[in-house]
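Enquirer: have a look at this fold, sequence not included:
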């Protein structure tokens, strides 16, 4: 069986054969003989040529969250990814020409109004979460096209708060 | 809905009505209003008239094993009990006229042979488990009827090791 | 001693206080907001009562509700923890009026030390060195501008009403002054219910050294030595240790005596901390009195061998000072790392969400003061502190090494934490050499990223994911059935059995 | 320092040693028998190798296999833990021949102190008080009978080759002598590979007081004060504490000096414990030297502030003594409770089976040295110790109280443990008053039963069971889906999705 995974932008392919708790795995042209035991529903104990390791795993949104000896990995399964929506992604800015908050919170201040021209890095909105204020700034010189919230509103990640029209 | 439970030889009946996480329970003629939250798959957090409690539970062989603030309970569900076999029970002696080991181990010595007359508390068999020797004694004055194992054998809980014929 | 203590807090500090009460045999009342029904402090207390909606002003800052719960349940004392109402003289005064013992100092001394400007004046009169700065707060931007110019940039903006970095901002030039003041005032109001702010001289490359003091109600006080808390980001301490490598015995003695003098000058009782800045020439300046149990109190407990929370309760109950200064000794070295739900790769923005899996480090010399568990939902409403990992060892290098292995053993899946960042902090050469000044983080860790390429276990992580993906385990039907004994799942199967 | 250490043990002590090695930066090799593949020490070591079938003689006592694994993996030192090969001079000698450092004393001194009769003679010559008893072992029952008569009943039968209560039996009269000797010899052979046993005078109402000693290879030794281990059942310690209430400073000093003298007389190096009996008139008698790290070592670590396992490793590597006697101080009080998989209501018969759910106690002053976890299968093959719950506090009453709450917080479902029994022990008035002699358990706890009728939470337990039984949670389909994020279960659902 073959598996394809992504970590950040890099793709990895693994071939895997198993018999009971014994696995033969091919990765990057190297072969590994592995004895893997399920220690709990979130933990696997491995022996790889004598090397002992315990991996802790959880799964969410088509991704494996893995921790081995304090190192964290977020491993995407590309084929599953497609079936998921994009909620929870950090869509701050960029191609979409709007700003959003990277974490849910309450809008305490909106410093601009529709039609305003804004500098790059000018503060547009202040969102308070966990008692800290976070300034949401304009990533580009732009004109404010639309404002979708008012002060006091709760706002979730990914929701467009202020929509922008880029200036050349 | 009604539930019947047994702890040791005592039977308890509970009436229970629920709506979301709210429960109305009647037990021993008393009524309790309870807010119960599932904290993990083995733990419930209760609020009973302000009193806060966390119960840890596991289930095996038709029994709930419950621990609350360090107090342990073994709660049987009689209706489920019937469908289980009796393996794992501590059937030392008694009505069945045989002796068995309360834990799995290895027979290191059998001190009697078929036909022997034995006193009450006379050692019949020595079973070693976890590096400790445990003497299995005759619960009654009796005559040895049958011996089902030999020295060196592994023996499980509940298996009749020596069968006895009671003496009047 | 008290009959019942209400804990007006949540998270790890509420858990810590409940444990102390349990050991003292005092029943506890937890309060919780609607999003905190499943929090650990609710599970551990003897009684737990809903205090209000999630917003702090309506729950953990809601004085009327808290007092009425205490009276209804006949709690004769309230422990405020840190944050929330811990340093609010109005709350303390209300407790005093209602005949409930506030576990802390009295409202008068709290009002004094809680007002940074007043307390600076008091300390100055008592002969304690202070940092040059504004004599009072103001609402007038021009006054701030004038004062700032007089003190000389860079200056630092502080909230009069509280600590913990809330409302605090470094201001480099007049350009930044106005927006900093507005933001600082809003944060101050939200955090402390008081928007007064003021300015002080910003000292370059200082160390943050604080002294723990315990005082009874009869004018007796001892100090329990220092904590160095120089490693901060956004003026929030993240790593603390004791002893400080910057102090020798004579400076330690002098600062300790000054700390006791400061506490006496304020007529302060119970546990309090006197914060100093120590400059590069070993001059020290009074910063403020933290009139509460500190987040970082465990390192003192481990090195001095005194339970500070129990001491608070005993002193509040009117016991005379039970410790003698000359019998207090430091032994070994302790370090604390604060574990926050924050994304260290994204400007430490707080994160919320569900803890999918957690495993706590254990072992000799490891203490984990923890407010979360597997399945717990971290909400957006409160301070993102999840837990405090504290280690003790015979000496500083051993403690640093122990902290590194303990951080590696701490597993939290499902939410970003500062753990990986902290591993790099405690293994950084400047940390190991004791070069810890308050600019340690900006100096060494600006734009920190986890070193993806250097990860040792990349292949193993991929292999783990592959084995999980392999439906082998599942199709064998072993996983859930063999490894899980949850009654829920058992009932699930039983249900199915019934339908057949 | 060593390049790699093989740990020739299992369970909590193997875990303890691996943690020490990790902090020292030394890679570790675990060995495991076929039933121990899922044990904690295998998960924590850097390398893990199958050593043989479950029976100890074929696995953890299999000298040839262990040596060959060490050589193959280039481990240059072996830590034996306690039990198994810890006090086997043949194993130590083999290590010496193979050029592998045995982390303990050398084979010559081990042979001396391991032979109780030889060591008694050596101690007697060195002027150390000993208990009247047989001069040597014997295979002749008549010699035992003669000696017993001469010493006077009651006498105590002991294994020459080891400690820990294995092979040890009190003999009240000549009637019991023969069967006791046979059983003792069998147990001794099974536990230590040597069936020599001997007799000693049985002292009434003694306390068991032992002193921890550390010695380097150059003739320097210090003691780290006493541990009182009087609370025993079947000659197995179950609760230990330090300091002992029975010692004053002058007796403590005298016994400590005697302990160091005993270690020197045996030319012993590394960590060793000198056991004494203390009678009602405060006379003390040498019992034996325990030539290993003790089960109860954590209480000394907490009170004296020294990591004994790391000290063992450093001393074995040839470091000179790094501690000075006059700088060692006791601070506060520590208690250890051993958590065994035993049924205290059924003559402490060992129990085996699966741990369905476990929750460890945590908090200030609590240390839990643990070899098990939720889902772990306790096998019948080895010593039934599951973990050690250790607390430290400022004083004895506070420590006892902390132990009681920590025991209440320890949850183990699925297997019987001694936890409930230990709660009654540490809250017993004799314990609280320090009336701890070795007959504490038979005196106070014969036929102990858990007080079912006195249980406070009976109704709540029934209600919990009822709520679980109510299919509400399950039919809502919340339980498994919301609360469990196991990839196995996720894959399970995904599988079903694929088939549709």
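Expert: Received it, and whenever you're ready, just let me know what you need. Just so it is clear, the model here is predicted, and its values are computed rather than measured. Numbers count the residues shown, from 1 in each chain, chains lettered A, B, ... in the order given.

Enquirer: and residue C:26, what element?
Expert: Per DSSP states H and E, residue C:26 falls between elements, in no helix or strand.

Enquirer: so it touches residue C:4, yeah?
Expert: Yes. The pair residue C:26 / residue C:4 is scored as a contact, 6.8 Å apart, by CB atoms under 8 Å. To be clear about C-beta, it is placed using only N, CA and C from the backbone, and glycine gets the same treatment.

Enquirer: tell me which of these two has more neighbours.
Expert: residue C:26 (20 against 17; other CB atoms under 10 Å in any protein chain shown).

Enquirer: distance check, that one against chain A.
Expert: Distance, residue C:26 to chain A, by CB to the nearest CB, to the nearest Å: 30 Å.

Enquirer: and for residue C:238?
Expert: Distance from residue C:238 to chain A, by CB to the nearest CB: 14 Å.

Enquirer: so the residue lying closest to that residue once chain neighbours are set aside, which of the three states?
Expert: Here the nearest residue to residue C:238 in space, its sequence neighbours aside, is residue C:338; by CB to CB, 6 or more residues apart in numbering or on different chains that works out to 5.2 Å. Look at residue C:338: counting by DSSP: H, G, I helix; E, B strand; the rest coil, its state is strand.

Enquirer: quick one, what contacts residue C:338?
Expert: By CB atoms under 8 Å, 6 or more residues apart in numbering or on different chains, the contact set of residue C:338 is C:237, C:238, C:239, C:295, C:385, C:388, C:418.

Enquirer: mind putting those residues into CSV with pLDDT, neighbour count and secondary structure?
Expert: As requested, the contacts of residue C:338 are exported to CSV (pLDDT from 0 to 100; neighbours: other CB atoms under 10 Å in any protein chain shown; DSSP: H, G, I helix; E, B strand; the rest coil):
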residue, pLDDT, neighbour count, secondary structure
C:237, 95, 22, strand
C:238, 96, 23, strand
C:239, 98, 24, strand
C:295, 98, 23, coil
C:385, 96, 24, strand
C:388, 98, 23, strand
C:418, 96, 25, coil
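
Enquirer: and which of those is nearest residue B:68?
Expert: Nearest to residue B:68 among the contacts of residue C:338 is residue C:388, at 27.9 Å by CB to CB.

Enquirer: ok, that closest one - contacts?
Expert: C:12, C:295, C:296, C:298, C:336, C:337, C:338, C:339, C:368, C:369, C:370.

Enquirer: not counting sequence-adjacent ones, nearest residue to the first one?
Expert: Distance criterion CB to CB, 6+ apart; nearest residue to residue C:12, sequence neighbours excluded, is residue C:371 at 3.6 Å.

Enquirer: could you measure from that neighbour over to residue D:374?
Expert: Residue C:371 sits 21 Å away from residue D:374, going by CB to CB, to the nearest Å.

Enquirer: might you report the residue contacts of the residue most central in space within chain C?
Expert: Centroid-nearest residue in chain C: residue C:295, 2.7 Å away (criterion: CA atoms, centre = their mean). Going by CB under 8 Å, 6+ apart, residue C:295 touches C:13, C:82, C:237, C:338, C:385, C:388.

Enquirer: distance of it from chain D?
Expert: 14 Å.

Enquirer: residue C:137: what secondary structure?
Expert: Per three-state DSSP, residue C:137 ends up coil.

Enquirer: what about residue C:20, helix or strand, and which?
Expert: Following DSSP H and E, the helix or strand that holds residue C:20 is helix C:11-24.

Enquirer: quick one: contacts for residue 23?
Expert: With no chain named, the answer covers chain A. A:16, A:17, A:32, A:33, A:34, A:35, A:36, C:463, C:467, C:470.

Enquirer: correction: the question concerned chain C.
Expert: By CB under 8 Å, 6+ apart, the neighbours of residue C:23 are C:310, D:398, D:401, D:402, D:405.

Enquirer: great, nothing more from me.
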